[in-house]
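A.B. asks: need coordinates for the following:
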Amino acid sequence: MPRGNAGQSKVHYQGKEEDFVIYIDDIKAVQEWKNDRSIPLAQVVSGFKIFVTHKHGAQNAYDGASKATLENEFGTSNEDECMTQILEKGDVQATETGERQGPKNDTMGARQAH
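C.D. replies: As a prediction, the model looks like this:
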């Protein structure tokens, strides 16, 4: 996964009951994979994990997809086959994430002159 202000690409698939998201390494890699299926999925996806959004769109918090959820949506719980369908039918999205937010070092306490 990218850190800091690196770009982040994902494929969002809107299913019948759930929305699914998988992270990808590069948009160009997905396009090449669609034209040449001999390219292994490992060179396209960024980790073999499928996420569900609970119908809250592609910008909210994600949970890992259960085998039952995959079975209900795609007719199989095989994650490779589900990822293939998501890559084929989903929408590719790229976002530029800003700098990390939140405290930088909580253990330092309030840094005041005494």
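A.B. asks: A61 versus E88, what's the distance?
C.D. replies: Distance of E88 to A61, computed by Cβ to Cβ, to the nearest Å: 26 Å. Quick note: C-beta positions are derived from backbone N, CA and C, even for glycine.
A.B. asks: these two: who's more crowded?
C.D. replies: Taking neighbours as other Cβ atoms under 10 Å, E88 and A61 compare with E88 leading, 12 against 8.
A.B. asks: so the more buried one sits right up against K34, yeah?
C.D. replies: Yes: counting by Cβ atoms under 8 Å, E88 touches K34, with 7.3 Å between them.
A.B. asks: go through this protein and flag its longest helix.
C.D. replies: With secondary structure taken from DSSP state H, the chain has its longest helix at helix 79-89.
A.B. asks: measure how far that one is from the centre of its chain, please.
C.D. replies: Put simply, helix 79-89 sits 12 Å off its chain's centre (Cα atoms, centre = their mean, to the nearest Å).
A.B. asks: cool, and stretch 13-27?
C.D. replies: Offset of stretch 13-27 from its chain centre (Cα atoms, centre = their mean): 7 Å.
A.B. asks: so which elements touch the longest strand anywhere in the chain?
C.D. replies: The strand spanning the most residues in the chain, taking DSSP state E as the definition, is strand 7-14. With contacts defined as 3 or more Cβ pairs under 8 Å, 6 or more residues apart in numbering; DSSP states H and E, strand 7-14 has these neighbours: strand 19-24, helix 79-89, strand 91-96.
A.B. asks: pull out the buried positions in the first one.
C.D. replies: Of the residues in strand 19-24, those scored as buried under the neighbour-count criterion (16 or more other Cβ atoms under 10 Å) are D19, F20, V21, I22, Y23, I24.
A.B. asks: helix or strand next in line after that strand, which one?
C.D. replies: The helix or strand immediately downstream of strand 19-24 is helix 27-35, counting by DSSP states H and E.
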